[in-house]
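1. sequence-free structure coming up:
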Ligand SMILES: [Mn+2]
């Protein structure tokens with residue numbers, strides 16, 4: 001089991017990489033999507049929550065990741081004595097019609113194949129993704145964690161329809177005609193996922209890249225009237241069964257699993273771990289379940305993290321664990337302090353196991 005840290009593109013600085021190394025990370029998961037672009041309400045170094053208008057604007061649809069760019073990012077990370085384990089998430093600008101089954105779907109899938117080939121060629125083993133229309137939405141911020149540390153949570157769902165031109169909680173077309181996205185059935189969304197996976201998995205496999213699926217966060221059956229895919233622990237099995245490729249992996253998010261209303265989280269992690277399908281793990285603790293939960297520090301939520309780490313050890317999980325989000329600790333560096341606490345706690349649990 002290896003410890004990593006997730007960093008947004010603008011945070012991949014020498015200082016933050018030195019910080020990651022100093023607090024015990026050996027691996028980095030990089031987010032190249034700019035979630036913060038023109039999102040007025042977003043913090044610049046913490047997870048965005050955004051309002052119904054989304055996190056911000058998607059990137060440039062005509063600018064896909066280049067091999068040079070990926071190699072440069074990896075070199076910068078290697079320079080700091082760290083490994084780049086994964087890129088997390090596609091930009092809605094690059095795959096909105098894959099999610100929406102729109103007219104550019106096949107063109108965008110070709111671009112995604114190109115990006116996956118480049119990820120492989122740059123020596124990056126994993127590509128995380130989140131196949132979702134509403135994306136991570138409907139959350140609130142407040143002093144929910146120990147001692148009033150600021151964190152996020154959910155209180156009730158959100159049934160407002162998604163406006164045209166927006167998907168995955170970002171705006172990809174600000175000239176879209178008025179109106180809202182047509183509401184689809186769960187099975188239609190599963191068919192879109194299957195179409196996507198069947199198209200890209202052979203390329204991922206040939207490129208030495210493992211695709212890693214994040215479950216729906218928050219895991220409600222629908223959000224903003226649209227269906228969700230993996231909103232109970234057992235639904236990951238349906239995703240695995242769609243395609244037997246070894247590149248069809250999971251970005252297992254313990255926090256999201258803990259927010260789910262059914263199943264036993266320890267059993268779920270054990271069985272997916274034994275299948276060898278976990279590409280990497282988001283570690284996060286919460287109190288409560290959808291539609292009412294709060295994110296907490298790793299050591300104070302509903303999940304017994306010591307037990308979780310023992311299970312991962314028992315199933316011989318040898319991938320990377322990163323803190324997902326953490327509460328902000330009140331000091332001069334709230335994000336860094338939160339992450340330092342999380343990584344130290346993870347190191348302790350792993351050593352004890
Ligand atoms: Mn997560």
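-> Thanks, I have the structure now. Keep in mind that this is a model prediction, so the values were computed, not measured.
2. Leaving out the residues flanking it, which one is nearest to residue 202?
-> Closest residue to residue 202 apart from its sequence neighbours, by Cβ to Cβ, 6 or more residues apart in numbering: residue 245 at 7.3 Å. Just so you know, the C-beta spots here come from the backbone N, C-alpha and C atoms, and that holds for glycine as well.
3. Contacts only, for the one you found.
-> By Cβ atoms under 8 Å, 6 or more residues apart in numbering, the contact set of residue 245 is 197, 201-202, 204-205.
4. element containing it, please.
-> Assigned by DSSP states H and E, residue 245 belongs to neither a helix nor a strand.
5. Tell me how far it lies from residue 262.
-> As judged by Cβ to Cβ, to the nearest Å, residue 245 and residue 262 stand 27 Å apart.
6. Low-confidence stretches in this structure?
-> Within the chain, the ranges that satisfy pLDDT under 70 run 38-46, 50.
7. which bits of it sit near the ion?
-> Counting by Cβ under 5 Å from the ion, the residues of the chain close to the ion are 253, 282, 324.
8. Let me have the residues you listed in CSV, extended by distance to residue 29.
-> Output for the residues of the chain next to the ion, formatted as CSV (distance: Cβ to Cβ, whole Å):
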residue, distance to residue 29
253, 12
282, 9
324, 10
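9. wait, which of the residues you listed is closest to residue 35?
-> Closest to residue 35 out of these is residue 324 (14.3 Å), distances taken as Cβ to Cβ.
10. Count residues in the vicinity of the closest one, would you?
-> A count of nearby residues for residue 324, using other Cβ atoms under 10 Å, gives 22.
11. That one against residue 253, yeah?
-> Yes. Using Cβ atoms under 8 Å, residue 324 is in contact with residue 253, at 6.1 Å.
12. Ramachandran angles for residue 117?
-> Note on residue 117: its backbone torsions stand at phi -60, psi -40 [degrees, to the nearest 10].
13. how about it, what does it touch?
-> Contact criterion Cβ under 8 Å, 6+ apart gives 203, 207 as the residues in contact with residue 117.
14. Could you do residue 292 as well?
-> Listed by Cβ under 8 Å, 6+ apart, the contact set of residue 292 reads 153-156.
15. separation between it and the ion?
-> To the ion, residue 292 is 19 Å away according to Cβ to the ion, to the nearest Å.
16. What residues are bridge-paired with that residue?
-> For residue 292, the beta-bridge partners are residue 155, residue 289 (DSSP bridges).
17. Pick out the residue closest to the middle of this protein.
-> By Cα atoms, centre = their mean, the mean C-alpha position of the chain lies nearest to residue 214, the distance being 5.3 Å.
18. and the contacts of residue 245, which are buried?
-> Buried subset of the contacts of residue 245 (neighbour count, 16 or more other Cβ atoms under 10 Å): 197, 201, 204-205.
19. Please produce a ChimeraX select command covering the buried subset of the contacts of residue 292.
-> Listed next is the ChimeraX selection for buried residues among the contacts of residue 292, using 16+ other Cβ under 10 Å:
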select :153,154
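20. Let's have the contacts of residue 292 in JSON lines, adding distance to residue 347.
-> As requested, the contacts of residue 292 are exported to JSON lines (distance: Cβ to Cβ, whole Å):
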{"residue": "153", "distance to residue 347": "27"}
{"residue": "154", "distance to residue 347": "30"}
{"residue": "155", "distance to residue 347": "33"}
{"residue": "156", "distance to residue 347": "37"}
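21. For the nearest residue to residue 130 once chain neighbours are set aside, give me its contacts.
-> Setting aside the residues directly before and after it, residue 130 is nearest to residue 214 in space (Cβ to Cβ, 6+ apart), at 4.2 Å. Taking Cβ under 8 Å, 6+ apart, we find residue 214 in contact with 128-130, 251, 253, 256, 282.
22. How about residue 277?
-> 240, 248-250.
23. Narrow these to those in helices?
-> residue 240 (DSSP state H).
24. so of the contacts of residue 277, which ones are in strands?
-> Using DSSP state E, the members of the contacts of residue 277 that fall within strands are 248-250.
25. rewinding a little: for the contacts of residue 292, which one is nearest residue 296?
-> Of all the contacts of residue 292, the one sitting nearest residue 296 is residue 153; the distance, using Cβ to Cβ, is 9.3 Å.
26. Surely residue 94 and residue 61 touch.
-> Yes. Between residue 94 and residue 61 a contact is recorded at 6.6 Å, counting by Cβ under 8 Å.
27. Compare neighbour counts for the two and give me the winner.
-> Here residue 94 and residue 61 are compared on neighbour count by other Cβ under 10 Å; more neighbours surround residue 94, at 22 against 19.
28. What separation is there between that one and the ion?
-> Residue 94 sits 20 Å away from the ion, going by Cβ to the ion.
29. Name the SS class of that residue, please.
-> The assignment at residue 94 comes out as helix when based on DSSP: H, G, I helix; E, B strand; the rest coil.
30. show me what contacts it?
-> Residues in contact with residue 94, defined by Cβ under 8 Å, 6+ apart, are 59, 61, 64, 108, 111-112, 115.
31. looking at this, residue 270 is in a helix?
-> Yes. Secondary structure of residue 270 (three-state DSSP): part of a helix.
32. what about it, how many neighbours?
-> Neighbour count for residue 270, taken as other Cβ under 10 Å: 16.
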